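In: Mind folding the following:
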Amino acid sequence: MNDSTWDVVIIGAGAAGLMCALTAGYRGCSVLVLDHANKPGKKILMSGGGRCNFTNLNSAPTDFFSQNPHFCISALKRYTPAHFVELIERHGVEYVEKAAGQLFSATSSKAILDVLLTECDWAGVELRLKTSIESVDWCDENACYTLATPKERVVARSLVVATGGLSIPSMGASGFGYELARQFGLEVLPTTAALVPFTFSDLWKDRFSELAGITADVDVECGGVHYREPLLMTHRGLSGPVILKASTHWQAGTPITINWLPDTDASETLKERRMSMPRRRVSTWLKEKLSQRLAGALAEWFELECTFAELSNAHCERIGALLNAMRLTPSGTEGWRTAEVTLGGVNTHEVSSKTLEAKLQPGLYFIGEVLDVTGQLGGHNFQWAWASGVACGNALKK
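Out: The predicted structure follows:
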């Protein structure tokens, strides 16, 4: 079996891996990127509905979850959203701002991936796809790593693990990066599917299924944190940006609270309408606030097919609580199949926040989602990929 020798080998041709590769390549390192997939950047291509929410102008350390919350600060400060915007502007990529700060490609995700691949080509990076790694060994005497692949042995002074997490296994996600971390003595914290829809069983599954495709602007509380975003009903339960954000705080068996009328004090409004328009039906008022089908469903669920005059104070309070604070307990989530990211991962207490190198294993680096750093919905996870990739790429030795 032939050997090839490199300054740097990066496992994973995703956002973080490609960013690290081009950064190290421009610094004069010989860089090889290996990936078992048949195409690079698959999650880039499918993200944002095919438009790639590639960063968030307001991204800050407070938008990330980790058992070591200070870890991400260093990299994020050194490579900001403005840096990545400048990169794609140099390539003529047009972009749009949707929600506040959330930047998307104006055409398709492919435009973002093409920038990374072009830069890697210019930096002299070699990319090998459809390449599995059979084993990884460290030679202390020569201070290098040897990777066995089906066709050759690859030797490198530095090894970068950019394998991502467990989300969306159909795109090639696996636990390989965690296995490598454990092999070299690093702790891997428990992993959980995040930015993921909730599922329900029995009555609520049937109710939401009948409304599949309907959206509403709501406030959702989960784990003491509130988010106000669109909610989407599905055949299995609830989704949409507000649910994906809430899922980062959810623990199995705990409830969520939905405020269907976040701009209205429902109980007080019901009492006021009882005086000002007693003969009007409550369901008619609700249809002024929500879509016809959703309002009709809520009226049926909460027994609102009555006039305002028929409501007692206690009835107003009960209905108000249901409309402004309806508590539901999801039966679970859709899991890794649709989760956008992974909570947990390689313990960042064992990795340098400046270089991303393992503290007790020389030349071994971890970047991107494989680490216990997870961004909230809205472009933050890509910003972490760019920032951690650049921080590592600038630290790698020639």
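
In: Could you report the distance from residue 43 to residue 33?
Out: Taking Cβ to Cβ, to the nearest Å as the measure, residue 43 falls 15 Å from residue 33. C-beta: built from backbone N, CA, C; applies to glycine.

In: For residue 387, see how far away residue 380 is.
Out: Relative to residue 387, residue 380 is positioned 10 Å away (Cβ to Cβ).

In: which stretches of the stretch 1-150 of the chain have low pLDDT?
Out: 1 (pLDDT under 70).

In: ok, back up a step: of residue 43 and residue 33, who's got more company?
Out: residue 33 (27 against 23; other Cβ atoms under 10 Å).

In: And the strands in the stretch 1-150 of the chain?
Out: 2-11, 31-34, 53-56, 64-65, 95-97, 102-105, 126-128, 135-139, 144-148 (DSSP state E, counting those that start in this stretch).

In: for these, which one ends up most surrounded?
Out: Sort the strands of the stretch 1-150 of the chain by mean neighbour count, taking mean count of other Cβ atoms under 10 Å, and strand 53-56 sits at the top with a mean of 27.

In: what residues are up against the residue of the chain most remote from its centre?
Out: Centroid-distance maximum for the chain: residue 279 at 48.6 Å, with Cα atoms, centre = their mean. Residues counted as contacts of residue 279 (Cβ atoms under 8 Å, 6 or more residues apart in numbering) are 307, 308, 309.

In: Am I right that the last one is in a strand?
Out: What that stands for is residue 309. No. Assigned with DSSP: H, G, I helix; E, B strand; the rest coil, residue 309 falls outside any strand and is helix.

In: what does the model give it for pLDDT?
Out: The model reports residue 309 with a pLDDT of 94.

In: Let's verify the closest residue to it other than its chain neighbours: helix, strand, or coil?
Out: Computed as Cβ to Cβ, 6 or more residues apart in numbering, the closest residue to residue 309 that is not its neighbour in sequence is residue 278, at 3.6 Å. Secondary structure state of residue 278, per three-state DSSP, is coil.

In: if we can go back for a sec, list just the nearest of the contacts of residue 279 to residue 359.
Out: residue 308 (66.2 Å; Cβ to Cβ).

In: OK, contacts around the closest one?
Out: So residue 308 contacts 270, 273, 274, 277, 278, 279, 280, 281, 282, 285 (Cβ under 8 Å, 6+ apart).

In: Please apply the same query to residue 369.
Out: 16, 164, 165, 167, 341, 342, 345, 381, 384, 385.

In: ok, the fourth one to residue 342 distance?
Out: Spatial separation of residue 167 from residue 342 under the definition Cβ to Cβ is 5 Å.

In: which of those two has more neighbours?
Out: Taking other Cβ under 10 Å, residue 167 and residue 342 do not tie; residue 342 has more neighbours (26 against 23).

In: Quick check on the more buried one: phi, psi?
Out: Phi and psi for residue 342, reported as degrees, to the nearest 10, are phi -120, psi 130.

In: if I pick it, what's in contact with it?
Out: Residues counted as contacts of residue 342 (Cβ under 8 Å, 6+ apart) are 164, 165, 166, 167, 191, 192, 193, 194, 369, 374.

In: Next, check those residues against the strands and list the overlap.
Out: 191, 192, 193, 194, 374 (DSSP state E).
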